[in-house]
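[1] output the structure for:
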Amino acid sequence: MLVILLPHGLCLLVRFQLLIPLVLLWLMLVPAVTAAPASETVSLAPGYGKLGYEAPEAGSYRLPPLQNAADGEVVKASGETARLHDLYGDKLVLLSFIYSTCNDVNGCPLATAVLARIKSRLDKQPEVAAQLRLISLSFDPEHDTPEVMRLYGNNFARGALEWTFLTTDSEQTLAPVLEAYGQSVMPEYDEQGEITGGLSHILRVVLIDRDKRIRNIYSVSFLHPDLLINDVKTLLLEEQGVAVAAGDNGPDTKDDGITPTRAGDFKAGYETGDYRTRSVSVVNRRGKRADLMQVLKAPPLGLPPVPVSADNPVTGEKVELGRKLFFDRRLSLNNTISCAICHIPEQGFTSNEMALAVGIEGRTVRRNAPTVYNSAYMKRLFHDGREYRLEHQVWAPLLAKNEMGNPSIAAVINKIRGIAEYDGLFEAAFDGKGPGMETIGQALASYERTLVSANSPFDRWHFGGQEDAIGESAKRGFALFTGKAGCVACHQIGESHALFTDHDLHNTGLGWYRTMGPPERPEKVLIAPGIYLEVDQELVESVGDGQLSDIGLYEVTQNPADRWRYRTPGLRNIALTAPYMHDGSMESLTEVVEFYNGGGFANEGLDPRIRPLGLSPGEIQDLVDFMATLTGDNVGTLVADAFAAPVGDLRKQDPDWTHDNKGNF
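    Residues are numbered from 1 along each chain as shown. Here you go, the predicted structure:
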């Protein structure tokens, strides 16, 4: 037991294990700590007071990945065993190492005090608090039992921001974790060389992103709520695809000013460090369910009400069922391809790494996979505009031999009826109706209608009147978009909302050139992520299908005037949905703008709006910066929700399927 004298004569008798929370209270009431001898005063670390200077604004700088955050076995305050990586991925994490009997005010009490101040502030900002988890891990497992950590954590249990307190079952279990995080700890000795029970350590708090990468490490001098909160907000802006490092000329536009949504640029396992990917392996995904129905009640700023078919009102049960179907690989002929294989959530619900979609057994699809974001608003579907309703569109990839490969509608229906996981789900969603052509299409369409994304920086500036929501370069880009460049002629903007499409189809010359222009000799062939070889086209065609003809809308109407006409895509979240054009032939927004600046490719049916624009390199960059502001603020939420969806357990259908210890089939 310990007697603590507080200001104003208050005396408390407490358990020693609860010392740190009381020290925090003490530090809020007195400006300095007196230690033995009484004449010496301990200077408090900056984290206890005001920062002393203005913290850099969130998003005005970058936090490059430092290293992968290590895993390890831990014990929760409940006594349940877990892995550190189980607590990463669905949220950003601030990880601190503490022990409950630490009496160095600039050690563990400082870490806890700073996190407590962060919690107090972010409890009033629930939209940020929901994206962050605080974790305090003890490096004294002998004394900091789960019960001690539970009592310790009870002091901080209230509020919106989650704070998890952990220990380990032994020093042997803890040692590799401390080593991996560079957290050195050693016993303290008195003058006689006897162990005092205290631990000497260097204070470290670690910021970890959703890809389980360390993005910053804070020492005593830099551990301050203002800095940590702005770092957290900077990573959240990065996740949303908002270009960071804004200066006088707007966003830093290196690599087109596009900051990937998570998974970010995680290069582990790739052949070259130059390759960039947003993909996350299934085993590493950590999801969080979202209320997808909210967008139907109140669409985000910049979008009109979501259109809903009269014969298919959207319900929570339909959305849940459609979401399950969308991610289920068993809906393909050989149980390998789901809708999400081509429409990858973390890659903008398209496929950043493939110019052309690929179906079962590696069969080539002629066109790039379009994004599913805001597809609820599209009046024409597919690049050639051949479908008009999501309920009908879903059946084309299910039955195409080079996509999901099912031989018939009945084959799909019977397969779903044979999967026990779907028992009763269709009946509950459709008033007793089971799986059928109509209900399968309606369920998938219901989920797709909730993938609505807006309230982008552009929306907050243009429709919301927030002048500082975008940079000056992006504002100049918008003036070009609606003026000199004439982009708005097809990518239309209304008075109260913007879909950035005219729902029409146009001949830009690209389709004509790919069909009628000179063949590429040699042809670039992707052989590994980021690795291309130039291969003679005759050799490519000898082992593949050769160049597949694509004449656009003409294939639907058989009207010669419709040759090489393709649908105008919406531009929302465009920074996340590379590569571009119907054939995925352009890898960057800069390349797209340069194509239009050159007037496309002249041909008999070229749309009269396609003309040389006379844009300077600076103006091209301004347009790219503008398009980088069109990323909705709920991208992270929709991706996390997608990560929470099951992908189809093949073992439940075929007991002969096996998987390795990493969860890969």
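
[2] the strands in the stretch 1-150 of the chain, which residues?
    Assigned by DSSP state E, counting those that start in this stretch, the stretch 1-150 of the chain shows strands spanning 2-6, 10-14, 33-35, 40-42, 67-68, 73-76, 81-83, 92-98, 132-138.

[3] check which helices and strands the shortest one sits against.
    Okay, so that is strand 67-68. strand 213-218 (3 or more CB pairs under 8 Å, 6 or more residues apart in numbering; DSSP states H and E). Bear in mind the C-beta positions are built from the backbone N, C-alpha and C, glycine included.

[4] so how far is the helix or strand following the strand it packs on off the chain centroid?
    Counting by DSSP states H and E, the element after strand 213-218 in chain order, helix or strand, is helix 225-239. Its chain's average C-alpha position is 15 Å from that of helix 225-239, according to CA atoms, centre = their mean, to the nearest Å.

[5] and helix 225-239 with strand 213-218, angle?
    With axes from the mean of the first three to the mean of the last three CA atoms, to 10 degrees defining the directions, helix 225-239 sits at 160 degrees from strand 213-218.

[6] now helix 225-239 - C-alpha only, CSV.
    Extracted in CSV, the C-alpha atoms of helix 225-239 (Å, rounded to 0.1, in the frame of the first residue of the first chain):
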residue,chain,number,x,y,z
PRO,A,225,-0.7,15.1,-28.0
ASP,A,226,-0.6,17.9,-30.6
LEU,A,227,2.0,16.1,-32.7
LEU,A,228,0.5,12.6,-32.3
ILE,A,229,-3.0,13.7,-33.2
ASN,A,230,-1.8,15.5,-36.3
ASP,A,231,0.2,12.4,-37.3
VAL,A,232,-2.9,10.3,-37.0
LYS,A,233,-5.0,12.7,-39.0
THR,A,234,-2.3,12.8,-41.7
LEU,A,235,-2.5,9.0,-42.1
LEU,A,236,-6.3,9.2,-42.2
LEU,A,237,-6.0,11.8,-45.1
GLU,A,238,-3.6,9.4,-46.8
GLU,A,239,-6.0,6.5,-46.5
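
[7] start to end distance for stretch 138-154?
    Stretch 138-154 stretches 15 Å from its first residue to its last (CA to CA, to the nearest Å).

[8] which positions in it come out as buried?
    Neighbour-count burial for stretch 138-154 flags 138-141, 144-146, 148-153 (criterion: 16 or more other CB atoms under 10 Å).

[9] and those, which is closest to residue 180?
    residue 139 (12.8 Å; CB to CB).

[10] next one: that closest one from residue 174, what distance?
    6 Å (CB to CB, to the nearest Å).

[11] cool, residue 612 as well?
    For residue 612, the distance to residue 174 - CB to CB - is 66 Å.

[12] neighbour count: these two, which is higher?
    Neighbours were counted for residue 612 and for residue 174 using other CB atoms under 10 Å; residue 174 has more, 23 against 10.

[13] how about that one, phi and psi?
    In this entry, residue 174 is assigned phi and psi values of phi -70, psi -30 (degrees, to the nearest 10).

[14] so it sits against residue 181, correct?
    No. The criterion here is CB atoms under 8 Å, and residue 174 misses it with residue 181 at 10.7 Å.

[15] thinking again about what came up before, so which of the buried residues of stretch 138-154 sit within helices?
    146, 148-153 (DSSP state H).

[16] report the lowest-confidence entry in these.
    Ranked by pLDDT, those bottom out at residue 152 (84).

[17] report how many residues lie close to residue 424.
    With other CB under 10 Å as criterion, residue 424 counts 10.

[18] next, the contact list for the closest residue to residue 613 other than its chain neighbours, please.
    Leaving aside its sequence neighbours, residue 613 sits nearest to residue 597 (CB to CB, 6 or more residues apart in numbering; 4.6 Å). Taking CB atoms under 8 Å, 6 or more residues apart in numbering, we find residue 597 in contact with 485, 612-615, 620.
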